[in-house]
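J.: Build me a model:
(one chain, ligands or ions: 2)
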Amino acid sequence: MANPLIKITNIKRDFVLGNEIVYVLKGIDLEINKGEYVALMGPSGSGKSTLMNLLGCLDTPTSGHYVLNGKDVSKMRDDELAEIRNKEIGFVFQTFNLLPRTTALDNVALPMIYAGHSKSERVLRATEVLKQVNLADRMDHQPNQLSGGQRQRVAIARALVNKPSIILADEPTGNLDSKTSVEIMKLFGDIHEQGNTVILVTHEEDIAAYAHRIIRLRDGLIESDTTK
Ligand SMILES: Nc1ncnc2c1ncn2[C@@H]1O[C@H](COP(=O)(O)OP(=O)(O)O)[C@@H](O)[C@H]1O
Ligand SMILES: [Mg+2]
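T.: Ligands and ions are numbered 1, 2, ... in the order given. Predicted coordinates:
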């Protein structure tokens, strides 16, 4: 069998808070293959966001190993991590995190600037992904001229623009009404069907049901891991 896209071995993450140590992740083992669609669930405070930050190379573990796409990223320096992040990870957040007073096209093209693509390549690719998320007619709109669902679609297009290995979404429907949430989940379904690996955090069972595999965290450990 091919190597997994993500291989995490006995990952621990604790935080020093004053003279106290908070043990958040207490020894996580996890493998995720290319093309999987995974929902990460668990009660508030169970460590979901901490694990997502590690998966997304926004943070490094206190101990343990994380091999992403064949590279051990657990001990990389910040600048090396930033490069991996830009190339390998597409992030989608609950609060969209778009630049205000900046068009949808420019928001989507932004990660390509860091990746060193020319202006014409950026416009071409950003246009392509905005079409993919059905926003061809909103490319010149700024975030405050778009609905919540449209803003999240811009954020999804931005996450896809550099053709990352993984799309990571932390509560992507947390700020959306239920009808718009369904639209966004359909879009994640399409993105997954096109061959992308999708990992999303949610506390809603009906959102998690879109994924093919559900991993439940409790108190910093994996409580269950079920594939449909
Ligand atoms: N930077 C930090 N410093 C101290 N404690 C933290 C830090 N980040 C997270 N925690 C603690 O880790 C626990 C898990 O947080 P988090 O991963 O955000 O949980 P979840 O996303 O499942 O709600 C919480 O108790 C939180 O207070
Ligand atoms: Mg969280």
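J.: Need the contact partners of the longest helix along the chain.
T.: When the chain is scanned for its longest helix (criterion: DSSP state H), the result is helix 178-193. Helix 178-193 has contacts (C-beta atoms under 8 Å, 6 or more residues apart in numbering) with 35, 37, 133, 147-149, 152-153, 156, 160, 167, 169, 172-173, 176, 198, 200, 207, 210. No exception for glycine: its C-beta is placed from N, CA and C like everyone else's.
J.: quick one: Ser63 and Leu99, what's the gap?
T.: 36 Å (C-beta to C-beta, to the nearest Å).
J.: likewise Ile6?
T.: Taken as C-beta to C-beta, the span from Ile6 to Leu99 is 29 Å.
J.: These two: which has the busier surroundings?
T.: Ile6 (21 against 12; other C-beta atoms under 10 Å).
J.: Quickly list what the more buried one is bridged to.
T.: Ile32, Leu68 (DSSP bridges).
J.: re earlier: buried ones among the contacts of helix 178-193?
T.: Among the contacts of helix 178-193, those classed as buried by 16 or more other C-beta atoms under 10 Å are 37, 133, 149, 152-153, 156, 160, 167, 169, 172-173, 176, 198, 200, 207, 210.
J.: if we can go back for a sec, restricted to strands, list the contacts of helix 178-193.
T.: Those of these mapping onto strands are Tyr37, Ile167, Ala169, Val198, Leu200, per DSSP state E.
J.: All set, thanks.
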